[in-house]
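Student: sequence-free structure coming up:
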């Protein structure tokens, strides 16, 4: 038989259990740390009782923390991070509402492609992977995406399988597992907003801001790469920066051919980016409201035409030259391969 002292001890324990659970319910399932100071019991005593509460897991369950990944690819194109942003409620001047981001895990160099529809992802990836193989004699081994419909469709899955590419996907509603792409999107949008706000660039030109942001970010040193830029790690040389100008500033592009000796020699325009297919700048003609590419440009970097005249009408549809977010190496004749793959490299102002 239990002694009187054991009975007393058991009674005290039962009383403690009842007190803790009673006040736990009264105080909307307060934590053991909160009850500890109010009831005079130890934290361990409170926790040992509250572990049996079946309401707390239903009401307070949180997701496990996401550990920072320490693994890194050993060569370019070994692992690519993919993501699609959009749709944005305002289309670009030529009807784009999305952009596809491709990040190389090894160098962190970024390619951005503007898209009209999410279904264009498959078309763009086919072109991109073919260029990787043809120009760099490399193959993509692994791609990592979130669990969006544009990446899990049967056509894209068949495409990956035919190329022998392993497709890593995040768990449902867990974009944190695609953290490299998520952080890159945040960085791209931060830089693009800064460029747009600085020059008061019209929202219909948000695509140019995104492409320019990618071009600049690829040339910025980062601690992830030991103080090197993605451009330097990917191509093995430092980027040239002397050709960079302030996006959205006033500029004057040469008029060619010059058939009238008394006609203006330049066109008043706005600087809108760097051409990927020619060694020139993308300019927006303020008078005719159309895009053109020019290498002989005089810049006035402290004047922003969109800020000076916000009432200037801008047509919703233009016929600009083809613009793709690829890298152009201006140092050698074999730079065509680089231009097909690397997002906006040097177009020196020569």
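Tutor: Noted; the coordinates are in hand. Quantities reported herein were computed from a predicted structural model and do not represent experimental measurements.
Student: Shouldn't residue 99 be within a strand?
Tutor: Yes: under DSSP: H, G, I helix; E, B strand; the rest coil, residue 99 falls within a strand.
Student: Tell me the predicted confidence for it.
Tutor: Residue-level confidence at residue 99 comes out at 95, pLDDT.
Student: secondary structure element for the residue nearest to the spatial centre of the chain?
Tutor: By C-alpha atoms, centre = their mean, the chain has its centre lying nearest to residue 185, at 1.9 Å. Per DSSP states H and E: residue 185 is located in helix 179-199.
Student: do the same with residue 102
Tutor: Per DSSP H and E, residue 102 falls inside strand 98-104.
Student: distance between that strand and the chain's centre?
Tutor: 7 Å (C-alpha atoms, centre = their mean, to the nearest Å).
Student: Show me what that strand is packed up against.
Tutor: Packing partners of strand 98-104 (3 or more C-beta pairs under 8 Å, 6 or more residues apart in numbering; DSSP states H and E): strand 79-86, strand 110-115, helix 120-136, helix 179-199. Just so you know, the C-beta spots here come from the backbone N, C-alpha and C atoms, and that holds for glycine as well.
Student: so which of these gets nearest residue 92?
Tutor: Ranking the helices and strands packed on strand 98-104 by proximity to residue 92 (C-beta to C-beta) places strand 110-115 first, at 6.5 Å.
Student: Any stretches of the stretch 51-200 of the chain with poor pLDDT?
Tutor: By pLDDT under 70, the weakly predicted segments of the stretch 51-200 of the chain are 60, 62-71, 171-177.
Student: now with 50?
Tutor: Across the stretch 51-200 of the chain, the ranges flagged by pLDDT under 50 are 66.
Student: do the stretch 251-350 of the chain as well
Tutor: For the stretch 251-350 of the chain, the ranges with pLDDT under 50 are 311-350.
Student: Apply 90 and report the result again.
Tutor: 255-266, 276-279, 307-350 (pLDDT under 90).
Student: which stretches of it form strands?
Tutor: Secondary structure of the stretch 251-350 of the chain, counting by DSSP state E, counting those that start in this stretch: strands at 266-274, 281-285, 290-294, 297-300.
Student: Now render those as TSV, adding distance to residue 250 and mean neighbour count.
Tutor: Conversion of the strands of the stretch 251-350 of the chain to TSV gives the following (distance: least, C-beta to C-beta, whole Å; neighbours: other C-beta atoms under 10 Å):
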stretch	distance to residue 250	mean neighbour count
strand 266-274	7	22
strand 281-285	10	23
strand 290-294	14	19
strand 297-300	4	14
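Student: Which pLDDT value belongs to residue 237?
Tutor: Taking residue 237 on its own, its pLDDT is 93.
Student: Okay, angle between the strand holding residue 102 and helix 120-136 too, please.
Tutor: 40 degrees (axes from the mean of the first three to the mean of the last three C-alpha atoms, to 10 degrees).
Student: partners of strand 98-104 in the sheet?
Tutor: Strand 98-104 sits in its sheet next to strand 79-86 (antiparallel), strand 110-115 (antiparallel), going by DSSP bridges.
Student: and residue 207, which of these is closest to it?
Tutor: Of the strands paired with strand 98-104, nearest to residue 207 by C-beta to C-beta is strand 110-115, at 4.9 Å.
Student: How about residues contacting the closest one?
Tutor: Residues outside strand 110-115 that contact it (C-beta atoms under 8 Å, 6 or more residues apart in numbering): 84, 86, 92, 96-104, 121, 124, 128, 184, 188, 207, 210-211, 214, 217-218, 230, 324-326, 341-343.
Student: for stretch 151-158, same thing?
Tutor: With C-beta under 8 Å, 6+ apart as the test, stretch 151-158 has contacts from 82, 84, 121, 122, 125, 145, 150, 167, 169.
Student: Would you list the buried entries among those?
Tutor: Buried subset of the contacts of stretch 151-158 (neighbour count, 16 or more other C-beta atoms under 10 Å): 82, 84, 121, 122, 125, 145, 150, 167, 169.
Student: Quickly name whichever of those residues is closest to residue 20.
Tutor: Closest to residue 20 out of these is residue 169 (44.3 Å), distances taken as C-beta to C-beta.
Student: doesn't residue 150 make contact with the closest one?
Tutor: No: using C-beta atoms under 8 Å, residue 169 makes no contact with residue 150, being 11.9 Å away.
Student: so which strand or helix has residue 246?
Tutor: Using DSSP H and E, residue 246 falls outside every helix and strand.
Student: Tell me, how many residues neighbour it?
Tutor: 17 (other C-beta atoms under 10 Å).
Student: Residue 85 now?
Tutor: When neighbours are counted by other C-beta under 10 Å, residue 85 comes out with 18.
Student: And the one 3 residues further on, by the same measure?
Tutor: Residues near residue 88, counting by other C-beta under 10 Å, number 15.
Student: go on, residue 33?
Tutor: 10.
Student: Just give the nearest non-adjacent residue to residue 126, would you?
Tutor: residue 159 (6.8 Å; C-beta to C-beta, 6 or more residues apart in numbering).
Student: Kindly apply the preceding question to residue 196 instead.
Tutor: residue 209 (4.8 Å).
Student: any idea which element the one you found lies in?
Tutor: Counting by DSSP H and E, residue 209 is part of helix 206-217.
Student: Wasn't residue 108 part of a strand?
Tutor: No: Residue 108: not assigned to a strand; according to three-state DSSP it is coil.
Student: Thanks a lot, catch you later.
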